[in-house]
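Colleague: Take a look and give me a structure for this.
(one chain, ligands or ions: 1)
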Amino acid sequence: MLLIKNGRVLDPATKTDAALDVLLDGDRIAQVGANLESSNGAEVFDAKGLVVAPGFIDLHCHLREPGGEMSETIETGTKSAARGGFTAVCCMPNTQPVNDNASLTRSIVDRAAAVGAVRVWPIGAASAGSKGEALAEISAMKSAGIVAVSDDGKPVATARLMRQVMDYCTPLGLPVIDHCEDPSLFAGGVMREGPNSLKLGLPGIPAASESICVGRDIEMALLTGARLHIAHMSTAGSLAYVRAAKRNKLRVTCEVTPHHFTLTDEDVRYDTHYKMNPPLASRTDRDALIAGLADGSIDAIATDHAPHHPASKDVEFDRAPFGVLGFETALALGLTELVDTGKLPLTRLIELFTTGPARVLGLERKIAAGGPADLTIFSTDHTWTYRTADSPSKSRNSPFDGRSFRGAPMATIVGGKVVYRRT
Ligand SMILES: [Zn+2]
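Modeller: Down below sits the predicted model:
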């Protein structure tokens, strides 16, 4: 038993913001109330001055195992996730081999149970090998534990295939997550097309590359009634499509990454830590995303944690792989960029890390008796400096290395156990 005392319990699901204690019994919440007594030898966690929130869920990360263990493993990735306050992470299937079958899904689930610091919820491939041809073993993977399907790294190749994937996933209750881009427009680009790509002389990717595919997918969601989730959305054009779909009561949701609400294409320099896909967007797009985060049009903040070992990033900009680390800076960027600036209330930020992503997966997340004992405890004023060298991740590819923050995860509790505590 673990008794969390003196904290400010902030739960968007139950609209709670009060000084309450939370008693955990095994992997469940036993009781929530004022001045709970420590009895039956419960261990006490003093959360004075800290916020106690439901456990954060990350809908989008890459743990690289199997096949990419030079960059990350389930063990190192989930340790990094725990440091970031995440209690559950959804890992994309673009490993080597691709997670497109039940036995691989099962091996990820088993490996995570053995060495994972936090819960790992795998996402299965939509098509075999994510090649965009035949459907993957979606139903068998669902029995093995996947929570969604995606060909992330690339879009579901054609509208026809997307229709099949959606028709297959709808009765199974699985959301289809798409990495939206039009390959013919994307071709060869390394950053967002615009005045800054011209200035740097780097090949650009137009914003329309993303929004065209978002439009296509929403048409398919209308046709099939499927649950569609847009991954790492980065443009105002895409957001306009999602808003229209929501107005029309389609089951369409979307996520935004911390780097897309923090940085713009004006920040890009000849440093491969600024190379990610989708690329950093224009200031107009970034401001539109922040408005969408504030007004509820965007459902979740997802990290797209994409580790690449230093040697692979230490090459010319156009040869480097796309992607940046995300777990350990996500909450601090949200607090600094969105809450401290007055753009979002703190409750809304927490919703984007908890209730929001849970809803995308068809789950509930709340601090109430009987619920899972997964909690994220954080400070809104602890000052610290992020150093990639201190990270349990095997990779160092973050544009935020050396940045100082106010606000940090202080403890991560999964299934009633403290899996990370900031000292
Ligand atoms: Zn992607």
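Colleague: these two touch, right, Ser282 and Thr264?
Modeller: Yes: under the criterion of CB atoms under 8 Å, Ser282 is in contact with Thr264, at a separation of 6.2 Å. The way it works is simple: take the backbone N, C-alpha and C, and place the C-beta from them, glycine included.
Colleague: check contacts around Pro206.
Modeller: Contact analysis of Pro206 by CB atoms under 8 Å, 6 or more residues apart in numbering lists 185, 192-193.
Colleague: can you give me phi and psi for Tyr168?
Modeller: With angles defined as degrees, to the nearest 10, Tyr168 sits at phi -80, psi -40.
Colleague: Then the one 4 residues further on?
Modeller: Main-chain torsions, Leu172, degrees, to the nearest 10: phi -80, psi -10.
Colleague: correct me, but it touches Lys142?
Modeller: Yes: in this structure, Leu172 sits in contact with Lys142. The criterion is CB under 8 Å, and the distance is 5.4 Å.
Colleague: what's near enough to touch His305?
Modeller: Taking CB under 8 Å, 6+ apart as the contact definition, His305 lies against 58, 60-62, 77, 80-81, 89, 325-327.
Colleague: need the contact list for His260.
Modeller: Contacts here follow CB under 8 Å, 6+ apart; on that basis His260 touches 232-234, 278, 280-281, 286, 289.
Colleague: rewinding a little: so for Leu172 and Lys142, which sits in the more crowded spot?
Modeller: Neighbours were counted for Leu172 and for Lys142 using other CB atoms under 10 Å; Lys142 has more, 19 against 13.
Colleague: In three-state terms, label the more buried one for me.
Modeller: Reduced to three states with DSSP: H, G, I helix; E, B strand; the rest coil, the structure at Lys142 is helix.
Colleague: and Leu59, what helix or strand is that in?
Modeller: strand 56-61 (DSSP states H and E).
Colleague: For that strand, name the packing helices and strands.
Modeller: Other elements packing on strand 56-61 under the criterion 3 or more CB pairs under 8 Å, 6 or more residues apart in numbering; DSSP states H and E are helix 74-83, strand 86-91, helix 355-360.
Colleague: Go through those and pick out the most buried.
Modeller: The highest mean neighbour count among those, using mean count of other CB atoms under 10 Å, belongs to strand 86-91: a mean of 28.
Colleague: Pull the residues that contact that one.
Modeller: Counting contacts by CB under 8 Å, 6+ apart, the residues outside strand 86-91 that touch it are 55-63, 74, 77-78, 81, 108, 118-123, 147-148, 305, 327, 330, 361, 374-376, 412-414.
Colleague: Find the residue at the geometric middle of the chain.
Modeller: Ala302 (2.3 Å; CA atoms, centre = their mean).
Colleague: And stretch 382-401, end to end?
Modeller: The first residue of stretch 382-401 is 18 Å away from its last residue (CA to CA, to the nearest Å).
Colleague: next one: stretch 291-300
Modeller: Start-to-end span of stretch 291-300 (CA to CA) is 13 Å.
Colleague: Helices of the stretch 101-250 of the chain, residue ranges please.
Modeller: With DSSP state H, counting those that start in this stretch as the definition, the stretch 101-250 of the chain shows helices at residue ranges 102-115, 138-144, 159-172, 183-186, 195-200, 208-224, 236-247.
Colleague: Give the buried residues for the first one.
Modeller: Buried residues in helix 102-115, counted by 16 or more other CB atoms under 10 Å: 102, 104-106, 108-109, 111-112.
Colleague: Can you show me the CA trace of it as PDB?
Modeller: Extracted C-alpha coordinates of helix 102-115, given in PDB (Å, rounded to 0.1, in the frame of the first residue of the first chain):
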ATOM      1  CA  ALA A 102       0.900 -11.800 -33.400                       C
ATOM      2  CA  SER A 103       4.100 -13.600 -32.400                       C
ATOM      3  CA  LEU A 104       6.100 -10.400 -32.700                       C
ATOM      4  CA  THR A 105       3.400  -8.400 -30.800                       C
ATOM      5  CA  ARG A 106       3.500 -11.100 -28.100                       C
ATOM      6  CA  SER A 107       7.300 -10.900 -27.800                       C
ATOM      7  CA  ILE A 108       7.100  -7.100 -27.400                       C
ATOM      8  CA  VAL A 109       4.500  -7.500 -24.700                       C
ATOM      9  CA  ASP A 110       6.500 -10.200 -22.900                       C
ATOM     10  CA  ARG A 111       9.800  -8.200 -23.200                       C
ATOM     11  CA  ALA A 112       8.000  -5.100 -21.800                       C
ATOM     12  CA  ALA A 113       6.600  -7.100 -18.900                       C
ATOM     13  CA  ALA A 114      10.100  -8.500 -18.100                       C
ATOM     14  CA  VAL A 115      12.200  -5.300 -18.400                       C
END
